[in-house]
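**Student:** below are the sequence and a predicted model; questions follow.
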Amino acid sequence: MSRWSVDGCPSEDVVAAYVADELEALDREVLEEHLDGCSGCHAVVAEWVRVFAASQAEELPLSLIHISEPTRQAEI
């Protein structure tokens, strides 16, 4: 299975590894840069973080907590 899809979004394996804090530093950096610009992937990762947190007895790494918090859009 490819780590990234044709549209540039990460595979489920990459997202799962990210949420489980198992990505290498370079892969994490690439994914976080992608998440900054892709609201669809950001939403997917946020949901996976919530699911992962609910299934774990331990706390998530602090680096992931900001992902699960909803972003606020500027009011127009």
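**Tutor:** That came in fine, so what should we check first? Residues are numbered from 1 along each chain as shown.
**Student:** for H34, which non-adjacent residue is closest in space?
**Tutor:** Nearest non-adjacent residue to H34, counting by Cβ to Cβ, 6 or more residues apart in numbering: C41, 6.3 Å away. The C-beta positions use only the backbone N, C-alpha and C, and glycine is treated the same way.
**Student:** contacting residues for that neighbour?
**Tutor:** Contact partners of C41, counting by Cβ atoms under 8 Å, 6 or more residues apart in numbering, are C9, P10, V15, H34, L35.
**Student:** for the protein, just list every one of the helices.
**Tutor:** Under the criterion DSSP state H, the chain contains helices at 12-19, 25-37, 39-55, 62-68.
**Student:** what comes into contact with the second one?
**Tutor:** Same thing as helix 25-37. Helix 25-37 is contacted by residues G8, C9, P10, V14, A17, Y18, L23, C41, H42, V45, I67 when judged by Cβ under 8 Å, 6+ apart.
**Student:** excluding chain neighbours, what is closest to A17?
**Tutor:** In this structure, A17 finds its nearest non-sequential neighbour in L23, 4.8 Å apart by Cβ to Cβ, 6+ apart.
**Student:** is it true that the one you found touches V15?
**Tutor:** No: the pair L23 and V15 fails to qualify as a contact (Cβ atoms under 8 Å) at a distance of 9.7 Å.
**Student:** any idea of the pLDDT on the residue lying closest to C38 once chain neighbours are set aside?
**Tutor:** Nearest non-adjacent residue to C38, counting by Cβ to Cβ, 6+ apart: C9, 6.4 Å away. The per-residue pLDDT reported for C9 equals 92.
**Student:** now do Q56
**Tutor:** pLDDT for Q56: 67.
**Student:** list the buried ones in stretch 16-30?
**Tutor:** Under the neighbour-count criterion of 16 or more other Cβ atoms under 10 Å, stretch 16-30 has A17, Y18, V19, L23, R28, V30 buried.
**Student:** out of those residues, what pair is the most spread apart?
**Tutor:** Of all pairs drawn from those, the greatest distance, 15.5 Å, lies between V19 and V30 (Cβ to Cβ).
**Student:** quick one: low-confidence ranges for this structure?
**Tutor:** Where the chain drops to pLDDT under 70, the residues are 1-2, 6, 56-76.
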